[in-house]
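J.: Coordinates for the following, if possible.
(chains A and B)
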Amino acid sequence: MIGIPPSLKELIQNLSLLPGIGPKSARRIAFFLLEKPQSTAERLADSIGNLKAGVSFCQICGALTEQDTCMICGDISRDISKICIVETFIDQIILENLNYYHGLYHILGGTLSPLDGRGPKQLRIDSLLTRIRQPKVEEVIIATNPTPEGNATALFIVDLLKNYSVNLTRIGLGIPVGGDIDLLDSETLKLALEGRMKIEKHVDG
Amino acid sequence: MFINHLAIKNFRNYVEADIHFVEGLNLLIGNNGSGKTNLLEAIHYISYGKPIRIAKEADLVRFSANDFFLETGFNRQDLDHQIRIYYSPDQKRYQYDGVELSKKSALIGQLVVVPFSPEDADVIRGGAAQRRRAMDIILCSSNQQYLKNLKWYNKTLKQRNALLQDFHQGYHQEKELKQWDKILVDYGDYLMECRRKFTQDIKQEILQIVGELNFPYKHLDLIYDPSVQPSLFSKTLESNFEKDISYGWTTSGPHRDDLKFILNHKPVAKFASRGQQRLISLLFRLAEVELYFKQVYEYPVIIIDEAFIELDNQSVDLIVDKLLSYPQIILASADPEVINHRKVNRKFKIGQGSVEKIKI
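T.: Model (predicted):
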């Protein structure tokens, strides 16, 4: 990057620290901002600057919020008998956008991963146990990813909760909607068979 | 399967070359360093998406050039196909039958070649890791599920080892370890089952070839030697608990498996002569070719780079006769007389980045 002024160079370097942004994209963003009016850059800088100060974690479920508790935990119309365990806040948003599930969430903050120094203590497991001791919780849905790490985390939670009187479920793994059986790998197909569902028969008369 | 034609630009020591192969035996003759191996590298790269010996893709580009280009026309199941690859540090393009592909992995396995190279004997002579690797390469190329399980097994193993290295006997940690164990056993059991079956199949092929060619290797045996008894993996992890923690890594499991070659009741790695080891490594490759045929009813293209060193003339003749039963062989050698000229279908003289068809 010869010939680029130092301040611009610094911006490009900082931008390329972001996930999914390489040096080329960073350069494009930097030049884009340079062409725009001063106010555009200032608004962006302000929102980045206020981010950490304004946003914190929900004390109950660990979601990102600007209050002490998040909108979902504070919503009295939600079904408090169900808690869905997800790895990250992004997973919660994706599930929430379905507008299908009306229970509560618990965000672990990742998976078990000794390689990254993440054990049970680094995840929101203690607060999960506190929540489950409440008598109104009937079902815990585990929605971690079907990766080695997500599976280990799911198994760990199952083991931890086995003495609690809650129903444990894991979201179904198997055939994607619109998928073809002959295009699936055998592992996925095996899981789909394992997780088969009973069909309600309609009895006439 | 056979290759009709190969065109290369700025690849290794070639500025430009255009070669028309024929079915049967194609011989590439040239001195050391003339570029015979580089032609085979090009074919291997098109087939496997990576070179045989050179570690980095960037090193495939000709010195002082910026990019390379490869094109090949080949016949598979009686249909003609074409692959084009363009590589520069900024841009990589892959085309199959004129259609642009987004990923190199989509090309892998379209043109199937089995390489015979001088390093093959290392599988027999070297450590268990090399034999595991040889087994894994063949299994991964024919079984997507194996590839996935292997990848996840290795990942889980790394996680488990990281946990062992930082183990403080906490209640939570012991529980956590148990969960990693369950997952490791799940993936590991699958790997062991595939390897057991593979050993059976490849052994059968090797014995078949030995019988067919009348090799005096009646007492050749292949034994899958798993580090743990397949049904006892879970128990073994449990009983190795203290040991694994004190070592800081997982001391048993499929990552410690071996495939044993036995000749006359003795391990080939220690007791066979170099010539015998070389010959057995060739038999292993030939068996791989036959296994592939059993799966798709078509033979792959055979590429050979000086693989007959250390062998006596009689063995070479027998192996060559077997090779000649395949649809196409591309053989590189420094010795013009490596094969009786009556058996050669086309001959090329390779010299410092040039290829010239010569009369037989």
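J.: longest helix anywhere in chain A?
T.: As assigned by DSSP state H, the longest helix anywhere in chain A is helix A:38-54.
J.: Count the residues that sit near the closest residue to A:Leu34 other than its chain neighbours.
T.: Spatial nearest neighbour of A:Leu34, excluding adjacent residues (C-beta to C-beta, 6 or more residues apart in numbering or on different chains): A:Leu8 at 7.3 Å. Where you see a C-beta, it was placed from the backbone N, CA and C, and this is true even at glycine. Neighbourhood size, A:Leu8 [other C-beta atoms under 10 Å in any protein chain shown]: 15.
J.: was I right about A:Leu8 contacting A:Ala30?
T.: Yes: A:Leu8 is within contact range of A:Ala30, at 5.9 Å (criterion: C-beta atoms under 8 Å).
J.: can you list the weak-confidence ranges in chain A?
T.: Within chain A, the stretches falling below the threshold (pLDDT under 70) are A:1-2, A:203-205.
J.: Which positions in the stretch 51-200 of chain B make contact with chain A?
T.: By C-beta under 8 Å from any C-beta of the partner chain, the part of the stretch 51-200 of chain B that sits against chain A consists of B:144-145, B:148-149, B:152, B:155-156, B:158-160, B:162-163, B:166, B:172-173, B:175-176, B:178-180, B:182-183, B:187.
J.: Any chance of the backbone angles for the residue nearest to B:Lys218 when sequence neighbours are not counted?
T.: The spatial neighbour of B:Lys218 that comes closest, neighbours along the chain excluded (C-beta to C-beta, 6+ apart), is B:Val210 at 7.5 Å. Per-residue torsions, B:Val210: phi -60, psi -40 (degrees, to the nearest 10).
J.: cool, and B:Gln91?
T.: Backbone dihedrals for B:Gln91, given as degrees, to the nearest 10, come out at phi -140, psi 130.
J.: Check A:His106 too.
T.: Listed backbone geometry of A:His106 is phi -140, psi 120, with angles given as degrees, to the nearest 10.
J.: how many neighbours does it have?
T.: A:His106 is surrounded by 27 other residues when neighbours are defined as other C-beta under 10 Å.
J.: Can you tell me which residue of chain A sits closest to chain B?
T.: Using C-beta to the nearest C-beta, A:Pro114 is the residue of chain A that sits closest to chain B, at 3.6 Å.
J.: May I have the residues that are in contact with that residue?
T.: Residues touching A:Pro114, when contacts are defined by C-beta atoms under 8 Å, 6 or more residues apart in numbering or on different chains, comprise B:Gln159, B:Arg160, B:Ala162, B:Leu163, B:Asp166, B:Glu176, B:Trp180.
J.: For PyMOL, what selects the buried ones among the residues you listed?
T.: Here is the PyMOL command that selects only those of the contacts of A:Pro114 that count as buried (16 or more other C-beta atoms under 10 Å in any protein chain shown):
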select buried, chain B and resi 159+160+162+163+176+180
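J.: interface residues of chain A facing chain B?
T.: For chain A, the residues found near chain B under the criterion C-beta under 8 Å from any C-beta are A:112-115, A:117, A:119-121, A:147-149, A:151-153, A:155-156, A:159-160, A:185-187.
J.: returning to that earlier point: tell me how many other residues surround the residue nearest to B:Lys218.
T.: Here the neighbour count serves as a burial measure; for B:Val210 (other C-beta under 10 Å) it reads 19.
J.: Could you count how many residues lie near A:Glu35?
T.: 7.
J.: again, but for B:Arg195
T.: B:Arg195 has 22 neighbours, counted by other C-beta under 10 Å.
J.: Tell me which helix or strand comes right after the helix or strand where it lies.
T.: Taking DSSP states H and E as the criterion, the element that holds B:Arg195 is helix B:171-213. Along the chain past helix B:171-213, the next helix or strand (assigned with DSSP H and E) turns out to be strand B:220-225.
J.: Which neighbouring elements make contact with that next one?
T.: Contact partners of strand B:220-225 among helices and strands, from 3 or more C-beta pairs under 8 Å, 6 or more residues apart in numbering or on different chains; DSSP states H and E: helix B:171-213, strand B:258-263.
J.: ok now the shortest one, how far from the chain's centre?
T.: Strand B:258-263 has its average C-alpha position 18 Å from the chain's average C-alpha position, going by C-alpha atoms, centre = their mean, to the nearest Å.
J.: what comes into contact with the helix or strand that it is followed by?
T.: With elements assigned by DSSP H and E, the helix or strand that comes after strand B:258-263 is strand B:266-267. Residues from elsewhere that reach strand B:266-267 (C-beta under 8 Å, 6+ apart): B:Lys260, B:Phe261, B:Ala272.
J.: Compare those and tell me which has the most neighbours.
T.: Counting by other C-beta under 10 Å, B:Phe261 has the largest number of neighbours within those, with 26 neighbours.
J.: That residue and B:His219 touch, don't they?
T.: No: using C-beta under 8 Å as the test, B:Phe261 is too far from B:His219 to be in contact (11.6 Å).
J.: residue contacts, A:Met197?
T.: Per C-beta under 8 Å, 6+ apart, neighbours of A:Met197: none.
J.: What's the separation between it and A:Leu173?
T.: When C-beta to C-beta, to the nearest Å is applied, the distance between A:Met197 and A:Leu173 equals 13 Å.
J.: Ok, B:Leu311 next?
T.: B:Leu311 sits 52 Å away from A:Leu173, going by C-beta to C-beta.
J.: If you count surrounding residues, which of those two has more?
T.: Taking B:Leu311 and A:Leu173 together and counting by other C-beta under 10 Å, B:Leu311 has the greater number of neighbours (18 against 15).
J.: what sits against that one?
T.: Taking C-beta under 8 Å, 6+ apart, one finds B:Gly275, B:Arg278, B:Leu279, B:Ile319 in contact with B:Leu311.
J.: Tell me the confidence at it?
T.: Per-residue confidence at B:Leu311 stands at 90 (pLDDT).
J.: Same question for the one 5 residues further on.
T.: The predicted local distance difference test score for B:Val316 is 89.
J.: Quick check: phi and psi on the closest residue to it other than its chain neighbours?
T.: Ranked by C-beta to C-beta, 6+ apart and with sequence neighbours excluded, the top spatial neighbour of B:Val316 is B:Phe308, at 5.0 Å. When quoted as degrees, to the nearest 10, the phi and psi of B:Phe308 stand at phi -100, psi 10.
J.: ditto for B:Arg132
T.: Per degrees, to the nearest 10, the residue geometry at B:Arg132, taken as phi and psi, is phi -60, psi -40.
J.: got a list of what it touches?
T.: The neighbourhood of B:Arg132, defined by C-beta under 8 Å, 6+ apart, consists of B:His255, B:Asp257, B:Asp258, B:Leu259.
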